[in-house]
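# next one to model:
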Amino acid sequence: MYLFDIYLNDFYMQDKIILGILTIGPASMYSLMKALQNSTEHFYTTSTGSIHPALKKLEKNGLVTSETSIENGRARKIFTITIEGHKVYKEWAASDISIGKIKDESLVHLFFLSANNPVERIKLIKKYIKNVDSKIKELTILQNEGINNCKQIPEHLEDIAFYQLATLDYGIDYYKFQKKWYQNLLKTIQSKLNEK
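Here you go, the predicted structure:
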């Protein structure tokens, strides 16, 4: 796949993420950015700088509309998904779930870890385990907040909340797996070091 194709695929996915967020309700660009940061950003990196061009493209294609309102003397654009936008979003949501490639920077670092001396390797892995532990705690806090918020959401949004919380479950399990895997790797490296 060429770099341009990868860029287009990311742009295509960002369109779907924006449409998905707008199915919940109209939002300003700032609200969309905050929604991305608090949700999909944890498992799918999108550039906040690309949100504006994505919205322009969606509006040009008739998938969203915008309306400017004045709040506290400031102009604010509010974006709303159109009927056609709902249709495109639902078609995408009903398509096969594709298997994503493992795209993890830690694996690239691990692949070249032998460039460090054994003591540095152990230090780097211990630090990584600590960072993974922090990520588990961060996602667990978000999960607890989500569960508490679910008690107050309208019935028509319960289904959306269920699947959004499922992504948090996945993230927590993923990082727990990583923590355990790196702890086992650390034991292996330390035992190899003790053998020498």
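# and stretch 95-106, what's buried?
Neighbour counts over stretch 95-106 (16 or more other CB atoms under 10 Å) mark no residue as buried. Quick note: C-beta positions are derived from backbone N, CA and C, even for glycine.
# could you do stretch 157-172 as well?
161, 164, 165, 167, 168, 171, 172.
# which ones among these map onto helices?
161, 164, 165, 167, 168, 171, 172 (DSSP state H).
# just checking, which helix or strand of the protein averages the lowest pLDDT?
Lowest on mean pLDDT, DSSP states H and E among the helices and strands of the chain sits helix 3-22, with a mean of 63.
# just checking, what packs against the helix or strand following that one?
As assigned by DSSP states H and E, the chain's next helix or strand after helix 3-22 is strand 27-28. On a contact count with 3 or more CB pairs under 8 Å, 6 or more residues apart in numbering; DSSP states H and E, strand 27-28 meets strand 74-81.
# which neighbours does the strand it packs on have in its sheet, and in what orientation?
Note on strand 74-81: by DSSP bridges, its sheet partners are strand 27-28 (antiparallel), strand 64-71 (antiparallel).
# can you lay out those strands as a markdown table showing mean pLDDT, distance to residue 186 and mean neighbour count?
Converted to a markdown table, these look like this (pLDDT from 0 to 100; distance: least, CB to CB, whole Å; neighbours: other CB atoms under 10 Å):
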| stretch | mean pLDDT | distance to residue 186 | mean neighbour count |
| --- | --- | --- | --- |
| strand 27-28 | 90 | 44 | 18 |
| strand 64-71 | 87 | 48 | 12 |
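# tabulate the ones you listed (a markdown table), appending distance to residue 87.
Listed next are those as a markdown table, based on distance: least, CB to CB, whole Å:
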| stretch | distance to residue 87 |
| --- | --- |
| strand 27-28 | 19 |
| strand 64-71 | 13 |
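# closest to residue 113 out of those strands?
When the strands paired with strand 74-81 are compared by CB to CB, strand 27-28 sits nearest residue 113, at 42.6 Å.
# show me the contact partners of that closest one.
Residues from elsewhere that reach strand 27-28 (CB atoms under 8 Å, 6 or more residues apart in numbering): 21, 35, 76, 77, 78, 79.
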